[in-house]
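Participant: Sequence and predicted model, in that order:
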Amino acid sequence: MSDLPEFTIKVDQNPFLPDGGREMHAVVTVEAIGGSPGSPRPSAAEAAEIIIIDTSGSMSYSGKMAAAKRAAKAALNVLRDGVHFAVVAGANQPRMVYPLGERLVKVTDKTRQDAQTAVAKLDAAGGTAIGTWLRMADRLFAEHRSAIRHAILLTDGKNQHEPAEELDAALAQCTGSFVCDARGVGTDWEVAELRKIASALLGTFLDVPDPRDLERDFLEMTEAAMGKEVADVMLRVWTPQFAQLKFLKQMTPTVEDLTERQRRSGTQTADYPLGAWGAEDREYHLCVEVEPGDVGRQMRAAWVKLVVPGGGTATGGGGGAPAEQVLASGNVLAEWTDDEAKSTRINGRVAIHTGQSELADAIQEGLEARRTGDEETATARLGRAVVLANRIGNDQIAGLLDRVVDVLDPEAGTVRLKKDVSKADEMSLDTRSVRTVRTRQGGESATGEQQGGG
């Protein structure tokens, strides 16, 4: 593991609880140092990459097919030599674009050029059945389970040509098999569908309203994938006897509730899958309910470890499957006090992430109410989102909200729904509601302490 990034875990918390207090909150920052976050260094890890391009009939409009071809060719250009790859066309049924036959091939100058030639011949026809596309990707990855497995999925439409149950079954089959970043081009796809796919497959999803932006987006996704250096990382959380983990949420780079994804790994431990890692940092908000202790008592409320399961590394060689490895660890502490000033202090990072989580919920609930004609609920929830976006300093979301509502009083959250809102603006707000950013209030002042009582 010497070639892998150096992993660290930092816990931000106020460990003090009031007399009788039960809920302890903490923000756990996991960082892998091996380059600059956002500019990952090239990795030597074994990797497998699949590019899935929607070739349904609707892709023939608005320049989407031509843009998708340019984007796929650009992605192929940045695949490392030796990486196993394939390109798949998605319609009513998936088909292999390159290579011929259901298999992956290694990147060489020749296979890269041949793949780009095959991509150039793509045309648009047929429907959309995303579950079948994902199942093909799962079959293709089957011979490469030791690799870092990543797929890009591009669509421009709703999953209209298979039952919803088929997509759900495909996601259940593919969960844990590979990471998938999903992109929706244009405005005729469904945000909830891509959110579900990205969530299940531990990837990202994003709207690309203008097809001309696809090339840059594909480049960024592929470069990030090529920077991953360890696969199938788990966050292991130990809690004391009679304690309960109430929730665990990823907060950066996106808001994702991981609570229900636990895999019991011991009588007092649970593992939560985090996907593949390169040089990057992510933050997690956890809440543990503990048995109250006497004033002055100190205890470990949780013990978090970053774990690579046995056989789960991807280092590009070697013999048998390696043993489980712990890459980093950290403690969440609790101490009961009768000092009100200590127990009521709110940690900056916990406050920000609590706000980010509520912000995402408020936006999604507000937009759903707007779509169903419930203007009262829509106004209230989007008004609350305006308050939260300004409070935590999320300028990007505040700007997107301005396209959907007229803000009359940002402090009170008094807003008026705009009558004419473009579908692209609504979809951008919905899609980006779960993407967190470094906020004005998210600097050094947000470190060092943690929220105590519930």
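Facilitator: Now that the structure is in, tell me what you want to look at.
Participant: how much space between residue 286 and residue 362?
Facilitator: As for residue 286, its distance to residue 362 is 22 Å (criterion: Cβ to Cβ, to the nearest Å). For glycine as for every other residue, the C-beta is placed from the backbone atoms N, C-alpha and C.
Participant: An error on my part: the question was meant for residue 82.
Facilitator: 46 Å.
Participant: more neighbours, the two?
Facilitator: Higher neighbour count among residue 82 and residue 362: residue 362, with 23 against 12, using other Cβ atoms under 10 Å.
Participant: Past the longest helix seen in the chain, which element shows up next along the chain?
Facilitator: Longest helix of the chain, by residue count under DSSP state H: helix 348-371. Scanning forward in sequence from helix 348-371 by DSSP states H and E, the next helix or strand is helix 375-392.
Participant: Only C-alpha atoms, please: export that following helix in PDB.
Facilitator: The C-alpha trace of helix 375-392 is given here as PDB (Å, rounded to 0.1, in the frame of the first residue of the first chain):
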ATOM      1  CA  GLU A 375     -48.000  27.000  -4.200                       C
ATOM      2  CA  GLU A 376     -48.300  27.500  -0.500                       C
ATOM      3  CA  THR A 377     -45.900  24.700   0.400                       C
ATOM      4  CA  ALA A 378     -43.600  25.600  -2.500                       C
ATOM      5  CA  THR A 379     -43.300  29.200  -1.300                       C
ATOM      6  CA  ALA A 380     -42.700  28.200   2.300                       C
ATOM      7  CA  ARG A 381     -40.000  25.600   1.500                       C
ATOM      8  CA  LEU A 382     -38.200  27.600  -1.100                       C
ATOM      9  CA  GLY A 383     -38.300  30.600   1.200                       C
ATOM     10  CA  ARG A 384     -36.700  28.500   3.900                       C
ATOM     11  CA  ALA A 385     -34.100  27.500   1.400                       C
ATOM     12  CA  VAL A 386     -33.300  31.100   0.700                       C
ATOM     13  CA  VAL A 387     -32.700  31.700   4.400                       C
ATOM     14  CA  LEU A 388     -30.400  28.700   4.700                       C
ATOM     15  CA  ALA A 389     -28.400  29.400   1.600                       C
ATOM     16  CA  ASN A 390     -27.700  32.900   2.800                       C
ATOM     17  CA  ARG A 391     -27.000  31.800   6.400                       C
ATOM     18  CA  ILE A 392     -24.400  29.200   5.400                       C
END
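Participant: gap between residue 210 and residue 148?
Facilitator: Applying Cβ to Cβ to residue 210 and residue 148 gives a distance of 30 Å.
Participant: Any regions of the protein where pLDDT drops low?
Facilitator: Within the chain, the stretches with pLDDT under 70 are 1-3, 34-43, 311-322, 438-454.
Participant: Give me the nearest residue to residue 436, chain neighbours excluded.
Facilitator: In space, and not counting its chain neighbours, residue 436 is closest to residue 252: 4.8 Å by Cβ to Cβ, 6 or more residues apart in numbering.
Participant: Contacts only, for that neighbour.
Facilitator: 281-283, 436 (Cβ atoms under 8 Å, 6 or more residues apart in numbering).
Participant: same question, residue 307
Facilitator: 233-236, 271, 324-327.
Participant: ditto for residue 390
Facilitator: 398, 410-411.
Participant: before we move on, what about residue 266?
Facilitator: residue 238.
Participant: element containing it?
Facilitator: Judged by DSSP H and E, residue 266 forms part of no helix or strand.
Participant: how about the strands in the stretch 1-150 of the chain?
Facilitator: Using DSSP state E, counting those that start in this stretch, the strands of the stretch 1-150 of the chain run over 6-12, 16-18, 23-33, 47-54, 84-90, 95-98, 105-106, 148-155.
Participant: how many degrees apart are the strand or helix carrying residue 165 and strand 148-155 in direction?
Facilitator: Secondary structure from DSSP H and E places residue 165 in helix 164-174. Helix 164-174 runs at 160 degrees relative to strand 148-155, counting by axes from the mean of the first three to the mean of the last three Cα atoms, to 10 degrees.
Participant: So what's the gap between helix 164-174 and the chain middle?
Facilitator: Taking the mean of its C-alpha atoms, helix 164-174 sits 19 Å from the chain's own mean (Cα atoms, centre = their mean, to the nearest Å).
Participant: Please save the CA atoms from it in CSV.
Facilitator: Output of helix 164-174 as CSV, limited to C-alpha atoms (Å, rounded to 0.1, in the frame of the first residue of the first chain):
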residue,chain,number,x,y,z
ALA,A,164,-39.4,1.1,-13.0
GLU,A,165,-39.0,-2.2,-11.2
GLU,A,166,-36.5,-3.3,-13.9
LEU,A,167,-34.2,-0.3,-13.2
ASP,A,168,-34.5,-0.9,-9.4
ALA,A,169,-33.6,-4.5,-9.9
ALA,A,170,-30.6,-3.6,-12.1
LEU,A,171,-29.4,-1.1,-9.5
ALA,A,172,-29.7,-3.7,-6.7
GLN,A,173,-27.6,-6.1,-8.9
CYS,A,174,-25.0,-3.4,-9.7
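Participant: Which strands and helices lie in contact with it?
Facilitator: Contacts defined by 3 or more Cβ pairs under 8 Å, 6 or more residues apart in numbering; DSSP states H and E place helix 164-174 against helix 130-141, helix 191-200.
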